[in-house]
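Asks: got a sequence here, can you model it:
(one chain, ligands or ions: 1)
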Amino acid sequence: MRIVVLAGGIGGARFLRGLKRAVPDADITVIGNTGDDIHLFGLKVCPDLDTVMYTLGGGIDEERGWGRTDESFRLKEELAAYGVGPEWFGLGDRDFATHIVRTQMLAAGYPLSAVTEALCDRWQPGVRMIPMTDDRVETHVAVTLPDGDPAAGPSTGSGAGAGETPPGSAAGSGVRKVIHFQEYWVRLRASVPAEAVVPVGAEQAKPAPGVLEAIAAADVILFPPSNPVVSIGTILAVPGIREAIAEAGVPVVGLSPIVGDAPVRGMADKVLAAVGVESTAWAVAEHYGSGLLDGWLVDTVDATNVERIEEAGIRCRAVPLMMTDVDATARMAREALALAEEVRTV
Ligand SMILES: O=c1nc2n(C[C@H](O)[C@H](O)[C@H](O)CO)c3cc(O)ccc3cc-2c(=O)[nH]1
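Replies: Numbers count the residues shown, from 1 in each chain. Okay, the predicted model is just below:
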């Protein structure tokens, strides 16, 4: 069975570990989000690609959910001693090797998809990993920073290309800024509302080689419980990908990242609000829409949502959705594949 999975970071990676256990003989292609990418210290860092690669390859730090096991931060400390930031992004010594190899290969002219394939040669994730595009896409977030926030000054020092809105445009206290997603997510911990979430560069991006072919050849397409806005939403923002999925003619089944009106992990509710989507299992399903989704799994605590989702033309089942361990996740994956068979039109 050929399965295509659109994956973001931690949620997507953990789901994939369960999917592999559920269907060990399946041919799984992961289309990875690259909107989280950030350039730091002259290196290109791809958090979502690396989180999937490390998680499936056995190199992930389980407790954090990102970065490498048995990590040290000596290089980061040395950089800080030179006053070179940002200090808020925890790049570990072992993780740096990945970014150095990636940046070296990109500088030699290899596209990100080829680089990702080369890095996966080492990690053997057991799936084919393709970035959503080889072009540069970086998600930025418009926020109003509280007075005194270090980024509120004339320069941000975050090195992430934060823009400055024209003076006088900030209403009331605080300065309106556009900052890199990672600065919003990691430095600010999404503590201020996201007023807009913009995948910069997505409109000009092209699907990476193999993406459209994998979608066209898929028997089933899955949306794991990744962030619907900044992970799966960003992948769908690459022209051609949403259309290819909608026209693939095979079941498209998603698993809600929202359980009991709250995100299971992360801060998806903060960015869902930015796109006007309530933090409920049904609102996320309707956000993707019946033109894209054929089936949607909600957690048993959200069983009251089932009827409304089915009325929206999306087949829905309530099953346990907490990825407490690999076996629980494998059960979720089996439920998603069973729902796909239920909705498959011959
Ligand atoms: O909350 C954090 N997340 C960190 N993340 C997670 C990252 O922000 C998220 O995985 C995604 O970008 C959101 O899905 C890292 C991921 C990497 O691949 C490499 C370094 C980091 C560093 C941090 C960090 O310092 N704090």
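Asks: what does stretch 292-310 contact?
Replies: Defining contact as CB atoms under 8 Å, 6 or more residues apart in numbering, one finds that stretch 292-310 is touched by 223, 236, 242, 245-246, 251-256, 258-261, 280-282, 285-286, 288, 314-322, 332, 335-336, 339-340, 342-343. The C-beta positions use only the backbone N, C-alpha and C, and glycine is treated the same way.
Asks: give me the number of residues near Ala196?
Replies: In terms of burial, Ala196 registers 12 neighbours under the definition other CB atoms under 10 Å.
Asks: quick check: phi and psi on the closest residue to it other than its chain neighbours?
Replies: When the adjacent residues along the chain are set aside, Ala196 lies closest to Ala142, with 4.0 Å between them (CB to CB, 6 or more residues apart in numbering). According to degrees, to the nearest 10, the main-chain angles of Ala142 amount to phi -90, psi 130.
Asks: now the helices for the stretch 101-250 of the chain?
Replies: Assigned by DSSP state H, counting those that start in this stretch, the helices in the stretch 101-250 of the chain fall at 112-123, 181-182, 211-217, 232-236, 241-246.
Asks: pick the most buried one from those helices.
Replies: Ranked by mean neighbour count, these are led by helix 232-236 with a mean of 27 (mean count of other CB atoms under 10 Å).
Asks: chain center to it: distance?
Replies: Helix 232-236 has its average C-alpha position 8 Å from the chain's average C-alpha position, going by CA atoms, centre = their mean, to the nearest Å.
Asks: got the CA coordinates for it in CSV?
Replies: Extracted as CSV, the C-alpha positions of helix 232-236 are listed here (Å, rounded to 0.1, in the frame of the first residue of the first chain):
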residue,chain,number,x,y,z
ILE,A,232,-0.1,21.1,7.1
GLY,A,233,-1.5,24.5,6.1
THR,A,234,2.0,25.6,4.9
ILE,A,235,2.4,22.5,2.8
LEU,A,236,-1.0,23.0,1.3
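Asks: who does it touch, helix- and strand-wise?
Replies: With contacts taken as 3 or more CB pairs under 8 Å, 6 or more residues apart in numbering; DSSP states H and E, helix 232-236 sits against strand 2-7, strand 196-200, helix 241-246.
Asks: could the ones you listed go into JSON lines alongside distance to Arg17?
Replies: Written out in JSON lines, the entries for those read as follows (distance: least, CB to CB, whole Å):
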{"stretch": "strand 2-7", "distance to Arg17": "11"}
{"stretch": "strand 196-200", "distance to Arg17": "26"}
{"stretch": "helix 241-246", "distance to Arg17": "23"}
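Asks: ok, which of these comes nearest Met53?
Replies: With CB to CB as the criterion, Met53 lies closest to strand 2-7 of the helices and strands packed on helix 232-236, at 10.7 Å.
Asks: what's the separation between Met132 and Pro199?
Replies: 10 Å (CB to CB, to the nearest Å).
Asks: and Asp25, by the same measure?
Replies: Distance, Asp25 to Pro199, by CB to CB: 35 Å.
Asks: show me which of these two is the more surrounded one.
Replies: Neighbour tally, Asp25 and Pro199, criterion other CB under 10 Å: the higher count belongs to Pro199, 24 against 5.
Asks: the residue in the stretch 51-200 of the chain that the ligand sits nearest to: how many residues sit nearby?
Replies: Nearest to the ligand in the stretch 51-200 of the chain, going by CB to the nearest ligand atom, is Gly90, at a distance of 3.1 Å. Neighbour count of Gly90, defined by other CB under 10 Å: 13.
Asks: who touches both of Met132 and Pro199?
Replies: Between them, Met132 and Pro199 have Thr234 as joint contacts when contacts are counted by CB under 8 Å, 6+ apart.
Asks: mind listing what's buried along stretch 217-231?
Replies: For stretch 217-231, a neighbour-count test (16 or more other CB atoms under 10 Å) marks 218-231 as buried.
Asks: what bits of the stretch 51-200 of the chain have low per-residue confidence?
Replies: Along the stretch 51-200 of the chain, segments meeting pLDDT under 70 span 153-173.
Asks: can you pull the residues of the stretch 151-300 of the chain lying near the ligand?
Replies: 182, 185-186 (CB under 6 Å from any ligand atom).
Asks: quick one on the thing from earlier: next step: the contacts of stretch 292-310 restricted to helices.
Replies: With helices identified by DSSP state H, the entries of the contacts of stretch 292-310 that belong to them are 236, 242, 245-246, 281-282, 285-286, 288, 332, 335-336, 339-340, 342-343.
Asks: among those, name the buried ones.
Replies: Buried positions within the ones in helices among the contacts of stretch 292-310, assessed by neighbour count (16+ other CB under 10 Å), are 236, 242, 245, 281-282, 285-286, 288, 332, 335-336, 339-340, 343.
Asks: out of the residues you listed, who's nearest the ligand?
Replies: Leu236 (16.0 Å).
Asks: tell me the contacts of that closest one?
Replies: Here Leu236 is in contact with 6, 242, 245, 292 (criterion: CB under 8 Å, 6+ apart).
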